[in-house]
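S.K.: coordinates only, sequence not included:
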């Protein structure tokens with residue numbers, strides 16, 4: 001009987017690990033596999049905890065912050081009104097699930113071998129995404145994996161028959177929009193870039209990582225997402241400062257300034273234009289009005305999209321909802337200042353503990369990978385001020401997955 005129990009525990013442990021491997025690979029490609037992998041991770045971890053009678057949560061710097069975040073989201077029920085069922089469902093699927101998932105990942109990724117496997121699988125998936133993006137942009141004008149068309153793509157036939165200018169559009173890869181692709185790129189490319197620059201000695205693998213990094217950065221350029229460009233370079237500069245490579249910052253800025261006049265005119269116009277920001281200002285204005293209805297406790301978790309239909313002032317009032325395109329404003333509108341404060345408390349604890357751990361980590365490869373993961377999350381969070389990173393399923397999972405794995409790094413290197 002005891003032997004069968006031990007075999008069950010080992011099988012559950014393997015299920016947790018392999019479900020995370022599956023998640024790491026399929027995260028850009030399939031929402032259904034993402035959900036299955038998360039549920040499998042949580043269930044196998046939970047049942048194993050029960051069988052081993054070890055119900056205590058592993059101590060991390062984020063424990064109390066996560067529990068406060070969960071409690072504050074529950075408080076947002078106070079103003080839910082007729083949207084109570086929507087909020088109650090969201091409390092489980094958009095809050096509790098990720099908090100539990102965090103603890104499951106922390107206890108599952110308990111060795112450097114598993115961390116290395118996560119890295120290899122993520123890079124393999126990333127290579128496929130970048131290849132898919134280039135095939136979409138230059139060859140098919142739709143991505144071969146999900147059949148998404150290039151954003152704003154107009155065919156040659158349409159150009160001849162309707163007068164619409166032919167355009168390659170912007171690549172989206174296996175995502176529906178360039179913004180989503182760019183958010184995924186900045187988060188996953190920075191760890192690889194850091195390892196290429198500082199984490200490996202001269203080897204064929206290092207040069208392959210360099211080729212991938214250059215390809216991913218070029219695809220990021222093609223995506224035409226200014227918020228992602230800003231976020232990428234800001235996080236990269238932070239990493240350079242932490243590595244005390246301030247001279248490189250000067251050369252990167254110099255190259256950017258010198259290169260700008262030689263870019264295509266339409267690209268320069270996209271960089272310097274403010275059309276998309278005007279749309280953002282309109283959405284932020286509506287989001288602010290939603291927030292001000294219940295600024296302390298919020299209107300209820302996940303109610304923003306529905307509320308937007310009510311508060312918008314154009315011809316689509318009462319017909320179309322929208323996201324704020326500012327993740328922090330949307331969190332504040334949903335859960336109030338206390339909800340935003342709780343989320344920011346998680347981030348402060350994360351940054352504080354991670355920066356301290358990076359400084360004392362003596363392992364060159366893992367320390368650099370640790371720094372890259374930190375930079376990737378930083379870039380993700382900067383872009384979240386301008387986009388829907390914290391509301392889109394794939395990107396939210398990417399955030400919680402990278403957050404959890406990075407904290408696992410910290411535990412293994414402390």
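M.R.: Good, I have the coordinates. Given the structure is predicted, the values throughout are model-derived calculations rather than measurements.

S.K.: Name the surrounding residues that touch stretch 129-140.
M.R.: 28, 142-145, 148, 150, 168-174, 181, 184-185, 212, 215-216, 219, 222-223 (Cβ atoms under 8 Å, 6 or more residues apart in numbering). Quick note: C-beta positions are derived from backbone N, CA and C, even for glycine.

S.K.: Report the mean confidence score over the one helix or strand residue 102 maps to.
M.R.: Taking DSSP states H and E as the criterion, residue 102 maps to helix 97-108. The average pLDDT within helix 97-108 is 96.

S.K.: next SSE after it?
M.R.: Assigned by DSSP H and E, the successor of helix 97-108 is helix 112-135.

S.K.: mind listing what the residue nearest to residue 198 when sequence neighbours are not counted touches?
M.R.: Distances taken as Cβ to Cβ, 6 or more residues apart in numbering put residue 368 closest to residue 198, at 4.7 Å, once the chain neighbours are dropped. Going by Cβ under 8 Å, 6+ apart, residue 368 touches 194-195, 197-199.

S.K.: Out of the residues you listed, show me where the pLDDT dips lowest.
M.R.: residue 199 (79).

S.K.: burial of it, as a residue count?
M.R.: 22 (other Cβ atoms under 10 Å).

S.K.: And it, how far from residue 62?
M.R.: 25 Å (Cβ to Cβ, to the nearest Å).

S.K.: One more: residue 147?
M.R.: 39 Å.

S.K.: out of the two, which sits in the more crowded spot?
M.R.: residue 62 (22 against 10).

S.K.: Check whether the more buried one really touches residue 102, as I assumed.
M.R.: Yes: proximity of residue 62 to residue 102 meets the contact threshold set by Cβ atoms under 8 Å, at 7.3 Å.

S.K.: Let's see the distance spanning stretch 125-145 from one end to the other.
M.R.: 12 Å (Cα to Cα, to the nearest Å).

S.K.: now do stretch 41-60
M.R.: One end of stretch 41-60 to the other measures 19 Å (Cα to Cα).

S.K.: just how off-centre is that stretch within its chain?
M.R.: 26 Å (Cα atoms, centre = their mean, to the nearest Å).

S.K.: Pull out the buried residues from it.
M.R.: Neighbour-count burial for stretch 41-60 flags 41-42, 44-46, 48-49, 60 (criterion: 16 or more other Cβ atoms under 10 Å).

S.K.: Greatest separation within the residues you listed: which pair is it?
M.R.: Farthest apart among the buried residues of stretch 41-60 by Cβ to Cβ are 44 and 60. That separation is 20.0 Å.

S.K.: circling back: now the contacts of residue 368 in TSV, please, with extra columns for distance to residue 407 and secondary structure.
M.R.: As requested, the contacts of residue 368 are exported to TSV (distance: Cβ to Cβ, whole Å; DSSP: H, G, I helix; E, B strand; the rest coil):
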residue	distance to residue 407	secondary structure
194	18	helix
195	19	helix
197	23	helix
198	22	helix
199	19	helix
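
S.K.: The nearest residue to residue 320 once chain neighbours are set aside: which element?
M.R.: The shortest distance from residue 320 to any non-neighbouring residue, by Cβ to Cβ, 6+ apart, is to residue 309 (6.3 Å). Here residue 309, judged by DSSP H and E, is contained in helix 304-311.

S.K.: And the contacts of that helix?
M.R.: Under Cβ under 8 Å, 6+ apart, the answer for helix 304-311 is 83, 86, 286-287, 289-290, 293, 299, 316-324, 330, 333-334.

S.K.: Any quick ChimeraX command for the buried ones out of those residues?
M.R.: The buried residues among the contacts of helix 304-311 can be selected in ChimeraX (16+ other Cβ under 10 Å) with this line:
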select :83,86,286,287,289,290,299,322,323,324,330,333,334
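
S.K.: Which of the contacts of helix 304-311 fall within helices?
M.R.: 86, 286-287, 289-290, 293, 330, 333-334 (DSSP state H).

S.K.: wait, which of those is closest to residue 248?
M.R.: residue 330 (35.5 Å).

S.K.: separation between that closest one and residue 132?
M.R.: In terms of Cβ to Cβ, residue 330 sits 29 Å off from residue 132.

S.K.: Kindly report the same for residue 117.
M.R.: 23 Å.

S.K.: which of these two has more neighbours?
M.R.: It is residue 132, of residue 117 and residue 132, that has more neighbours when counted by other Cβ under 10 Å, with 25 against 17.

S.K.: excluding its backbone neighbours, what's nearest residue 124?
M.R.: residue 25 (6.7 Å).

S.K.: Flag every buried residue along whichever strand or helix holds the one you found.
M.R.: Taking DSSP H and E as the definition, residue 25 sits inside helix 2-26. Using 16+ other Cβ under 10 Å as the test for burial, helix 2-26 gives 12-13, 15-26.

S.K.: Does anything pack onto the next helix or strand along the chain from that helix? Which helices or strands?
M.R.: On the C-terminal side of helix 2-26, the closest following helix or strand by DSSP H and E is helix 31-52. If you count contacts as 3 or more Cβ pairs under 8 Å, 6 or more residues apart in numbering; DSSP states H and E, helix 31-52 packs onto helix 2-26, helix 97-108, helix 393-413.

S.K.: Make JSON lines from these and add distance to residue 345 to it.
M.R.: Shown next, in JSON lines, are the helices and strands packed on helix 31-52 (distance: least, Cβ to Cβ, whole Å):
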{"stretch": "helix 2-26", "distance to residue 345": "26"}
{"stretch": "helix 97-108", "distance to residue 345": "14"}
{"stretch": "helix 393-413", "distance to residue 345": "14"}
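
S.K.: re the thing from before, do you know how far the residue nearest to residue 124 is from residue 405?
M.R.: For residue 25, the distance to residue 405 - Cβ to Cβ - is 14 Å.
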